[in-house]
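Asks: Just the structure for this:
(3 chains, ligands or ions: 1)
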Amino acid sequence: MPKQSPIPDELDKPFYDACNAERLVAQYCTSCRRYQFPPRPRCIRCGKDTAVEWRPLSGRGRIISRVVVYDTPTSSLIPGQPFNVAAIALDDEPEIIMLSHLPGTPVDQVPVGAAVEVIFETTPATGQKVPEWRVIA
Amino acid sequence: MPHPVVPREWFRNKEGLGLWEGRGKVVATGVGTSPTARRWDEKPETSMGALTILAIRKAIADAGIAPEEIDGLVLTPESTTGISKDPNTPPPPGWEKHFKMASFPQAGITRGDIDWLLLNMPELKNVKFMMNGPICMSVSFVAAAEAVARGLTKTCLVARGWHNLAGRYYVGVGASALNTASGRFKYSSIWGLPACGTTAMVFEEYCRKYGKSHDQMANFVVTSRRNGLMNPDGYYSQHRPEMITVEDYLTARWIAKPANIYDNDLPIMAALAVVFTTPERARDHKQKPVYILSHGQTRPESMGVVPTLEQWERSTDRMGRILYEGAGVGPDDLDFENMYDGFTLFHQFHLEGLRYAARGEKRGYALDLYETDISIEGPNPVSPSGGNNGNGRTRWWNHRDSILQLQGRSPSQIRKKAEIGVSGAPMPDSCDALIWSAKPPV
Amino acid sequence: MAFLISFDIDGTMEFGDPPGGVTVEMVRRAKELGFIVGSCSDRFPSWQKQVWDSHGIPVDFWVAKHMLPDVKARFQAERYVHIGDRDIDRQLAEQVGFHFWWDYEAVAEPWLAWLAWLDDQR
Ligand SMILES: [Zn+2]
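Replies: Numbers count the residues shown, from 1 in each chain, chains lettered A, B, ... in the order given. Got it, this is the predicted structure:
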């Protein structure tokens, strides 16, 4: 599905650069020993900005929930309706949730609880890659 | 002139604070509600600002006091959750003939503004305490409660207006029509979730965990609309008095399955004002005083791009504990609950956090409760105001109704005696709530 | 041989919210000329029926917006068209093989031209 191309900013450029190199990274607070996503200027737990660095993630996760979208506000996705959106909890930090269209999984047949692995999808407008997820057979 | 926002230290956002110091020192009396409309017709006299002025005048008259007695004003300036006009867009022609202009060009149109209100309400001569309660009127109620309890104002207005401009609210307009995405929502928006999508996702997780189904929501939705249609001030009673049936709900079109179209609330034009004062002054007010026993606040943990069931349960549990600790009451003392419902699918998180009508259960019982008698006639009234779902989107019908219930004059008055109730809004992990009482604390 | 026209209400019909350009008179005319007509809207079906009754138009169907497949199954017609004002109207129509006209196209009553086509067939 033709997703909108996210425009990186100063804060999340490392994340999107890594996506273009097909690597998944997230901010990690060395003081709290904890990942966070979406990116923020400082650790949301301890408030330190100096302790936050970018670290690679395993790219593995688990589907914890899902919806089927029938009426999206996003114009470019309308022709693909209805479509799955799944919530992915990362193995490295299960409270970090990322979203996925689960390419390859039929509509309304999302295997909640299943293991998934990251893939990278190119968005048409700018060529920016974004993380997507597919069910591990 | 920028006015202060509520100081952070006024909020009760952690446990262990004990009874609220303001308990018994502040009451609500007069209530004023504007007429409603679906969209603004661009006439000055039906603008959000005009509706707010009307609501304030009605609240003052309802309290039976002179406008000169008002010495405080707390306002929630945001008047939509959707797309607004550019703040610098000039007002439509003829506007300046109706209203004095404040420095902010969209004041009274797409944003509430204390200076604009005071300029256009010359009868409010003695307002000295002014404060903004951002985002939700729940915040303004807390601000006014603290301000009165702290002696910063004796008779304080709390107000919020809502506008809805012509055109579609979000769909296919603005950022969602572009082929790129910027700003802090880009981590989720490119997947195309509608506004109800996040709630639907957590609701789905809830149903899976506790073995519940979306169909179990039907009685809640139908009962809420019934309650709302009893309210002559509500949008539906004024403009769409048709009743929803269980079949309408169960066969409705999905927006983001498991959220259907009737799980979503309708944006409207409306304004509410309420008078807060001290119990001493309230003796001279026309309406029975309603005491505020406590208030509480939660804010998101902001871990992922969408919240999880665990986070929402943790957050609403904490709200329950904070509120009860501050008020010195417990779940069994509640005669009704008016927690937020816009979207319908998250109301039960609030309800369960409060352990409302629980029979020993902690979590996962609300959808079964919904299938029992939750009407205003029954033993466990759920959302007697009808909320957004029964009246249109304001995030304040619930608070208004808590006050009216405890004064014994709600249009959807519960049949059992109403002595203590609760209301709060909006989200399960981002909420300000108050416990209200017909009697002073003992 | 019959033609079926489905009207969305909000943003399409003059009594919709927001009001659209298609008038009650256009629907009445279509019904009188023998078209199968009805509404397919996000409003409660029971309310849709009441509104048509209040205008004295004996419509053939009044259903929720996603029920076009059901309408198609119930009525045998040469052509099916849905009229609406949103992308979702268009999508739901085209997914079940309905022709689609936007509300602003429909104000010209383009379905009347089908009668001429019918005459040619004869
Ligand atoms: Zn930290």
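
Asks: only C-alpha atoms for contact and neighbour calcs from this point on.
Replies: Will do.

Asks: And for residue B:250, nearest residue in space, chain neighbours not counted?
Replies: Distance criterion CA to CA, 6 or more residues apart in numbering or on different chains; nearest residue to residue B:250, sequence neighbours excluded, is residue B:215 at 6.4 Å.

Asks: so the one you found makes contact with residue B:248?
Replies: No - counting by CA atoms under 8 Å, residue B:215 does not reach residue B:248; the two are 11.6 Å apart.

Asks: Look at the nearest residue to residue A:104 once chain neighbours are set aside and give its secondary structure.
Replies: In space, and not counting its chain neighbours, residue A:104 is closest to residue A:134: 7.2 Å by CA to CA, 6+ apart. At residue A:134 the chain is in strand, as set by DSSP: H, G, I helix; E, B strand; the rest coil.

Asks: and residue A:134, what are its bridge partners?
Replies: When bridges are called by DSSP bridges, residue A:134 pairs up with residue A:117.

Asks: Need the pLDDT of it.
Replies: According to the prediction, residue A:134 has pLDDT 97.

Asks: Next: residue B:186.
Replies: pLDDT, residue B:186: 88.

Asks: quick one, what contacts it?
Replies: residue A:6 (CA atoms under 8 Å, 6 or more residues apart in numbering or on different chains).

Asks: Let me see the backbone angles for residue B:18.
Replies: Dihedral pair for residue B:18: phi 70, psi -170, per degrees, to the nearest 10.

Asks: one step back: residue B:215 and residue B:248: who's more crowded?
Replies: residue B:248 (19 against 14; other CA atoms under 10 Å in any protein chain shown).

Asks: Please list the residues of chain A that sit near chain B.
Replies: Contact residues, chain A versus chain B (CA under 8 Å from any CA of the partner chain): A:3-8, A:36-38, A:44, A:64-77, A:85, A:87, A:95-101, A:125-126.

Asks: Pull out the buried residues from these.
Replies: Buried members of the residues of chain A next to chain B, scored by 16 or more other CA atoms under 10 Å in any protein chain shown, are A:3-6, A:8, A:36-38, A:44, A:64-77, A:85, A:87, A:95-101.

Asks: So which of the residues you listed sit within strands?
Replies: Among these, DSSP state E puts A:5-6, A:36, A:64-69, A:85, A:87, A:97-100 in strands.

Asks: if I look at residue B:152, how far off is residue B:127?
Replies: 11 Å (CA to CA, to the nearest Å).

Asks: Could you do residue A:74 as well?
Replies: 45 Å.

Asks: Just the closest residue of chain A to chain C, please.
Replies: Relative to chain C, the nearest point of chain A is residue A:71 (6.8 Å; CA to the nearest CA).

Asks: pLDDT wise, what is that residue at?
Replies: Value for residue A:71, per-residue pLDDT: 95.

Asks: list the contacts for the residue nearest to it when sequence neighbours are not counted?
Replies: Closest residue to residue A:71 apart from its sequence neighbours, by CA to CA, 6+ apart: residue B:255 at 4.9 Å. Counting by CA under 8 Å, 6+ apart, residue B:255 makes contact with A:69, A:70, A:71, A:72, B:194, B:196, B:261.

Asks: Ok, residue B:158 next?
Replies: Contacts of residue B:158 (CA under 8 Å, 6+ apart): B:73, B:74, B:75, B:140, B:141, B:144, B:273, B:274, B:275, B:276.

Asks: Give the bridge partners for the most centrally placed residue in chain A, please.
Replies: Chain A has residue A:98 as the residue nearest its centroid, 3.9 Å off, counting by CA atoms, centre = their mean. Residue A:98 has these beta-bridge partners by DSSP bridges: residue A:88.

Asks: State the pLDDT value of it.
Replies: Per-residue pLDDT puts residue A:98 at 95.

Asks: so it touches residue A:85, yeah?
Replies: No - the criterion here is CA under 8 Å, and residue A:98 misses it with residue A:85 at 10.1 Å.

Asks: Can you name the residues of chain C sitting close to chain A?
Replies: C:87, C:88, C:91.

Asks: next one: phi and psi at residue B:46?
Replies: According to degrees, to the nearest 10, residue B:46 has phi -110, psi 10.

Asks: tell me the contacts of it?
Replies: residue B:40.

Asks: so what pLDDT did it get?
Replies: 97.

Asks: State the distance from it to residue B:40.
Replies: Counting by CA to CA - residue B:46 and residue B:40 are separated by 7 Å.
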